[in-house]
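Engineer: generate a structure from the sequence data that follows.
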Amino acid sequence: MKVKTYELKVDVGIGIDIKDITPLINEIVKDSGISEGIITISVIGSTGSITTIEYEPGVVEDLKRAINRLAPPDEEYMHELAWHDGNGHSHVQAAILGPSESFSIKDGRVILGTWQQIVTINHDVRAKTRKIAVTIIGI
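Structural biologist: Presented below is the predicted three-dimensional model:
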């Protein structure tokens, strides 16, 4: 059994900014030498999230709209009243989607559907370089 840990850095624009990280994840799995196991991908920070979608412009726009309906930027948030940083909705949006996902690895590949890609999302009102922790456990 092997355990490998990696850290990615992904530049993201002002939220909601969605980036396909599937190619980066595939490279990490290949580099790890692990053929069967589990991979966990976690964004570091309270205004980022990880999920899967079909990464095409229509679905990306649909997801942005859905996220904004769940936690609209123009609502009043207690976080904003305390900190005045304009990103109360960013924290709520990220919490709803969640910071991490796990996937199975078989034959040295992450098991994903044909139209399924792994994405990271910046919900913050500032552009960032997001750190993403990746841990692979397997043989």
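
Engineer: run through the neighbouring helices and strands of the helix or strand bottoming out on mean pLDDT in the chain.
Structural biologist: Lowest on mean pLDDT, DSSP states H and E among the helices and strands of the chain sits helix 78-83, with a mean of 93. Using 3 or more CB pairs under 8 Å, 6 or more residues apart in numbering; DSSP states H and E as the contact test, the elements touching helix 78-83 are helix 88-97. (C-beta placed from N, C-alpha, C; glycine too.)

Engineer: so which bits of the helix it packs on are buried?
Structural biologist: With burial defined by 16 or more other CB atoms under 10 Å, the residues of helix 88-97 counted as buried are 88-94, 97.

Engineer: try stretch 72-88
Structural biologist: Residues of stretch 72-88 classed as buried by neighbour count (16+ other CB under 10 Å): 73, 77, 79, 87-88.

Engineer: coming back round to it: neighbouring contacts of the least confident helix or strand of the chain?
Structural biologist: 85-88, 91 (CB atoms under 8 Å, 6 or more residues apart in numbering).

Engineer: what do you get if the cut-off is 6 Å, keeping everything else the same?
Structural biologist: Contacts with helix 78-83, where a contact means CB atoms under 6 Å, 6 or more residues apart in numbering, come from 88, 91.

Engineer: where exactly do the strands run in the protein?
Structural biologist: 2-12, 17-20, 37-43, 48-53, 100-106, 109-110, 117-122, 128-138 (DSSP state E).
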